[in-house]
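> need a structure here:
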Amino acid sequence: MKMYRIQVIYIALAMILTLQIDFLFGQSLDIPVKGYGLSFGNSKNFTGMRFNFRDVDVEHITGINFTLWRSEQNKEAVVDGISLGVLPDAGDMRFIQLGLGGVGANYSLTGVSVGLLGAGAGEQITGLTIGGLGVGSGGDVTGISLGGLGVGAGGSMTGINIGGLGAGAGGDLNGFSAGLLGVGSGGNMRGISVGGLGTGTSGDAIGISVGGLGVGAGGDLWGINFAFGGVGAGNDAFGLNIAGLGLGAGNNLTGINIAGIGLGAGNELQGLSFSLIGAGAPEITGITVAGIGVGGEEITGLTLSIAHVRIENEGLLTGFAASAFNYIKGALHGVTFGVVNYAHSVKGVQLGLVNYVQDNPAGLKVLPFFNTSF
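Residues are numbered from 1 along each chain as shown. Below you'll find the model as predicted:
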């Protein structure tokens with residue numbers, strides 16, 4: 001039985017080699033009839049099982065297509081079925097594509113595509129795609145994509161995208177994306193993004209973003225954002241934001257904000273904010289705790305700091321603040337507790353060793369233990 005199988009293989013190979021001269025001229029041997037059944041050679045339109053050394057100007061194949069080598073003259077072919085070979089390629093390939101070297105389509109790959117080195121398409125990849133080194137598309141990638149080094153798309157990527165080093169899209173990135181070095185998008189990121197060094201997008205990041213060194217968005221950050229280094233948004237950051245070093249937003253920073261060194265917002269800091277060193281924004285609302293200092297133009301809520309709380313000129317502090325030095329260069333509406341308390345005017349009370357109210361009459365500007373506006 002074993003010898004019989006070997007003989008069959010030898011006969012098939014001999015037929016392929018014998019007919020190859022004719023195949024180069026676009027001819028083929030089709031059994032039992034032209035266009036259907038079993039084909040050896042460069043059949044242009046065929047349904048069934050087909051064997052060829054290299055496809056040239058093929059139009060449409062349906063069934064099982066075995067092509068030993070790739071061709072630069074097969075960019076418009078459509079293969080529906082199973083494509084096998086060292087480097088199978090066509091214009092559009094649909095269903096199952098397996099290549100010992102790689103798999104490539106001038107336009108689209110659809111279904112299951114596996115290339116030992118890589119898998120790529122000029123316009124679109126859809127389905128399960130695995131490339132030993134990488135997976136790439138000039139357009140969109142949709143489905144599950146796994147690349148030993150990376151996964152990339154010139155357009156959008158949607159689904160599960162995992163690259164050994166990184167995953168990136170020129171457009172939007174949607175779903176679960178991970179890379180040992182980084183994950184990036186030229187559009188928006190939605191879903192779960194994990195980058196060993198960092199994740200970044202020029203647009204908005206919505207969902208869960210985790211980066212070893214940093215997480216950043218040119219637009220908004222919405223959801224859970226964590227990095228051992230820094231987390232930053234060009235516009236708003238909303239949700240749970242945790243950074244080992246620094247955390248910032250160009251506009252508003254809202255939610256639970258935790259930073260190892262400092263956190264700040266270009267406009268308003270809202271929610272529960274904690275920093276080992278400092279926290280600052282023109283407007284601060286909520287509970288704000290910082291090891292060294294908290295500063296802003298208007299602060300509302302509970303504010304705690306070891307060293308100082310500072311309100312800029314003509315500003316306002318509303319609520320309760322406690323620190324060694326509460327420096328309110330404006331109005332206090334509430335209570336400050338510290339070693340030294342300073343305010344221009346007080347609707348409330350200062351409690352501390354030295355309490356200064358600038359607008360008070362002489363003799364009442366500085367009082368021990370307690371002061372208010374008289």
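
> these two touch, right, Lys35 and Phe46?
Actually, residue 35 is Gly. It isn't Lys. Yes - the pair Gly35 / Phe46 is scored as a contact, 5.7 Å apart, by Cβ atoms under 8 Å. Bear in mind the C-beta positions are built from the backbone N, C-alpha and C, glycine included.

> Looking at those two now, which is surrounded by more residues?
Phe46 (25 against 13; other Cβ atoms under 10 Å).

> Spell out the secondary structure type for the more buried one.
What DSSP: H, G, I helix; E, B strand; the rest coil gives for Phe46 is strand.

> For Ile292, give me phi and psi.
For Ile292, the backbone dihedrals are phi -100, psi -50 (criterion: degrees, to the nearest 10).

> same thing with Gly148?
The phi/psi pair for Gly148 (degrees, to the nearest 10) is phi -60, psi -40.

> Gly184 versus that one, what's the distance?
18 Å (Cβ to Cβ, to the nearest Å).

> burial of Gln270, as a residue count?
21.

> do the one 5 residues further on as well
The burial metric for Ser275, expressed as a neighbour count using other Cβ under 10 Å, is 26.

> for Asn313, same thing?
8.

> For the residue nearest to it when sequence neighbours are not counted, give me its contacts.
In space, and not counting its chain neighbours, Asn313 is closest to Lys329: 5.0 Å by Cβ to Cβ, 6 or more residues apart in numbering. Counting by Cβ atoms under 8 Å, 6 or more residues apart in numbering, Lys329 touches Arg310, Ile311, Glu312, Asn313, Glu314, Gly315, Tyr342, His344.

> Could you look up the SS state of Lys329?
Under three-state DSSP, Lys329 comes out as strand.

> Quickly note the distance from it to Gly147.
Counting by Cβ to Cβ - Lys329 and Gly147 are separated by 57 Å.

> Note down every partner strand of the helix or strand in which Gly216 is found and its orientation.
Counting by DSSP states H and E, the element that carries Gly216 is strand 214-217. According to DSSP bridges, strand 214-217 forms sheet pairs with strand 198-201 (parallel), strand 230-233 (parallel).

> Tell me which other helices or strands the following helix or strand past that strand touches.
Downstream of strand 214-217, the first helix or strand assigned by DSSP H and E is strand 221-227. With contacts taken as 3 or more Cβ pairs under 8 Å, 6 or more residues apart in numbering; DSSP states H and E, strand 221-227 sits against strand 205-211, strand 214-217, strand 230-233, strand 237-243.

> Mind putting the ones you listed into CSV with mean neighbour count?
Formatted as CSV, these follow (neighbours: other Cβ atoms under 10 Å):
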stretch, mean neighbour count
strand 205-211, 23
strand 214-217, 26
strand 230-233, 26
strand 237-243, 22
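
> Turn those strands into CSV, columns for distance to Glu268.
Shown next, in CSV, are the helices and strands packed on strand 221-227 (distance: least, Cβ to Cβ, whole Å):
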stretch, distance to Glu268
strand 205-211, 20
strand 214-217, 18
strand 230-233, 13
strand 237-243, 11
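
> Serialize those strands to JSON lines and add fields for distance to Arg50 and mean pLDDT.
Converted to JSON lines, the helices and strands packed on strand 221-227 look like this (distance: least, Cβ to Cβ, whole Å; pLDDT from 0 to 100):
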{"stretch": "strand 205-211", "distance to Arg50": "45", "mean pLDDT": "98"}
{"stretch": "strand 214-217", "distance to Arg50": "49", "mean pLDDT": "98"}
{"stretch": "strand 230-233", "distance to Arg50": "54", "mean pLDDT": "98"}
{"stretch": "strand 237-243", "distance to Arg50": "54", "mean pLDDT": "98"}
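
> Just the CA atoms from the strand holding Gly216 would do, formatted as PDB, please.
The C-alpha trace of strand 214-217 is given here as PDB (Å, rounded to 0.1, in the frame of the first residue of the first chain):
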ATOM      1  CA  GLY A 214       2.500  55.400  28.800                       C
ATOM      2  CA  VAL A 215      -1.000  55.800  27.600                       C
ATOM      3  CA  GLY A 216      -2.000  58.700  25.400                       C
ATOM      4  CA  ALA A 217      -4.700  60.100  23.200                       C
END
